[in-house]
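Participant: How does the following fold in three dimensions:
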Amino acid sequence: MKYRLLTLFLLLPLILCYAQTHSHMGAKPMNYPDIEGYKTLKTDLHMHTVFSDGNVWPNIRVQEALRENLDAISLTEHLEYQPHLADIPHPDRNRSFVLAMEEAKEHELLIVHGSEITRSTPMGHNNAVFIKDVNPILQEDAADAFAEAKKQNAFVFWNHPAWYAQAPKGNPVLSNFQKERIKNGELHGIEVINTFDYAEESLALALEHNLTIMGTSDIHGLIDWDYTEKGNHRPITLVFAKEKTLESMQEALFAGRTVAVYNDLLVGKEDYLKPLIKASIEVLSVSYVPETTVLKLELKNNSSSDLMFENVMEFTFYDSSPVFTIAAGETKMLHVKTLEEIQTLSLRFKALGAYTAPKVQPVIEWNIPVNR
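Facilitator: Take a look at the predicted model:
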């Protein structure tokens with residue numbers, strides 16, 4: 001007995017060290033501010049479990065989302081690809097959704113009923129979310145599957161269009177099949193961020209065909225292993241909804257009110273991306289350094305993305321590069337040389353990590369009263 005106690009005593013520092021290095025503290029909750037008129041919902045609408053080709057049970061997906069403070073998720077199991085079927089037979093393709101709902105029932109996390117229609121090109125992989133019953137969507141003909149999704153009023157988006165298995169050159173190609181789906185009101189969105197990949201070409205297609213901009217994790221393993229332990233957040237779609245309900249979220253997606261986010265990369269239409277970045281920066285204080293015309297400005301980033309800016313206003317900085325970063329949740333002190341005292345500072349920064357179109361970065365403006 002004493003040798004067992006001695007062994008435990010000797011191993012205790014190693015056990016504590018392992019617990020510290022493998023703790024769940026890295027799973028930081030994500031927060032993004034609301035914009036005027038809308039609630040900002042943090043969503044991941046492309047995930048897998050053992051009920052298709054994922055490696056975890058549905059309750060794990062719910063627990064991961066709760067740790068990261070997400071507002072909504074969807075388990076989008078492949079309809080046509082079921083590699084665990086011999087071990088987990090499930091004639092009812094709604095089963096993962098049911099299990100996720102059971103896990104989330106004591107929480108405020110929204111579970112969106114969804115599935116993935118998985119075909120090779122030219123149809124590609126597509127997620128149908130806000131469906132009512134997965135089973136009728138499992139059709140031999142891909143066009144029939146999309147028609148059934150439309151019948152259920154599903155919001156459908158094209159997954160990883162630039163994925164090399166679908167697009168060997170890395171550039172998405174909009175096929176005639178997909179053009180027909182858009183024309184029929186059966187394809188509504190497109191992933192511009194999937195896993196670690198951002199495709200400018202997908203953003204161009206979104207703008208050209210008025211498709212909703214999406215960002216998803218497409219997670220198969222553990223969020224911790226694929227993202228958190230590497231210092232990353234999962235990619236998400238921020239949905240600007242009138243309220244936190246499934247109905248309001250669905251309406252917002254059909255209306256295209258989204259921004260795709262992955263760490264410090266933000267991609268979206270100008271109407272929603274600019275208000276989001278503007279709301280993310282809080283002015284804590286502004287005043288002149290005594291007996292100077294150098295304006296001291298303290299800014300706080302209230303989002304979970306590091307925000308990189310370039311100063312494009314008429315005034316220059318006293319002691320800072322014109323290109324600077326305000327880290328997520330942190331503050332930044334800037335000194336602005338106004339040359340003469342002013343009553344209102346028109347702050348203009350180009351958001352370097354944000355895109356409203358390929359290679360187009362928005363300029364964000366704040367009009368700030370100056371305290372004397």
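Participant: Residue 41 versus the most centrally placed residue in the chain, what's the distance?
Facilitator: Most central in the chain under C-alpha atoms, centre = their mean is residue 236, positioned 1.4 Å from the mean C-alpha point. To residue 41, residue 236 is 10 Å away according to C-beta to C-beta, to the nearest Å. Backbone N, C-alpha and C define where each C-beta goes, glycine included.
Participant: Please identify every residue contacting each of the two.
Facilitator: Counting by C-beta atoms under 8 Å, 6 or more residues apart in numbering, residue 236 and residue 41 have no contacts in common.
Participant: ok, residue 294 touching residue 288?
Facilitator: Yes - applying C-beta atoms under 8 Å, one finds residue 294 in contact with residue 288, separated by 6.8 Å.
Participant: and residue 338, how many neighbours?
Facilitator: Around residue 338 sit 16 other residues, with neighbours defined as other C-beta atoms under 10 Å.
Participant: Could you do residue 96 as well?
Facilitator: Residue 96 - counted by other C-beta under 10 Å - has 29 other residues nearby.
Participant: Just confirm it contacts residue 78, I think it does.
Facilitator: No - here residue 96 lies out of contact with residue 78, judged by C-beta under 8 Å, at a distance of 11.0 Å.
Participant: Between these two, which contacts overlap?
Facilitator: residue 52.
Participant: how about residue 76, phi and psi?
Facilitator: phi -100, psi 80 (degrees, to the nearest 10).
Participant: do you know how far it is from residue 188?
Facilitator: 15 Å.
Participant: Which one's more surrounded, those two?
Facilitator: residue 76 (33 against 23).
Participant: per-residue confidence at that one?
Facilitator: On the pLDDT scale, residue 76 is placed at 98.
Participant: dump the residue contacts of it.
Facilitator: 45-48, 114-116, 127-129.
Participant: 10 Å instead, please
Facilitator: When contacts are counted by C-beta atoms under 10 Å, 6 or more residues apart in numbering, residue 76 touches 44-49, 52, 96-97, 112-118, 125-129, 131, 134, 157, 159, 216, 218.
Participant: What of residue 243?
Facilitator: Applying C-beta under 10 Å, 6+ apart, the residues near residue 243 are 38-39, 41, 249, 251-252.
Participant: Looking at these, spot the one nearest residue 271.
Facilitator: residue 38 (10.9 Å; C-beta to C-beta).
Participant: For the closest one, which residues are in contact?
Facilitator: 238-243, 248, 252, 257, 272, 275-276.
Participant: roughly how far apart are it and residue 243?
Facilitator: From residue 38 to residue 243 the distance is 9 Å (C-beta to C-beta).
Participant: the helices in the chain, which residues?
Facilitator: Ranges of helices within the chain are 2-21, 58-67, 95-104, 142-151, 176-183, 200-208, 223-226, 246-255, 270-280, based on DSSP state H.
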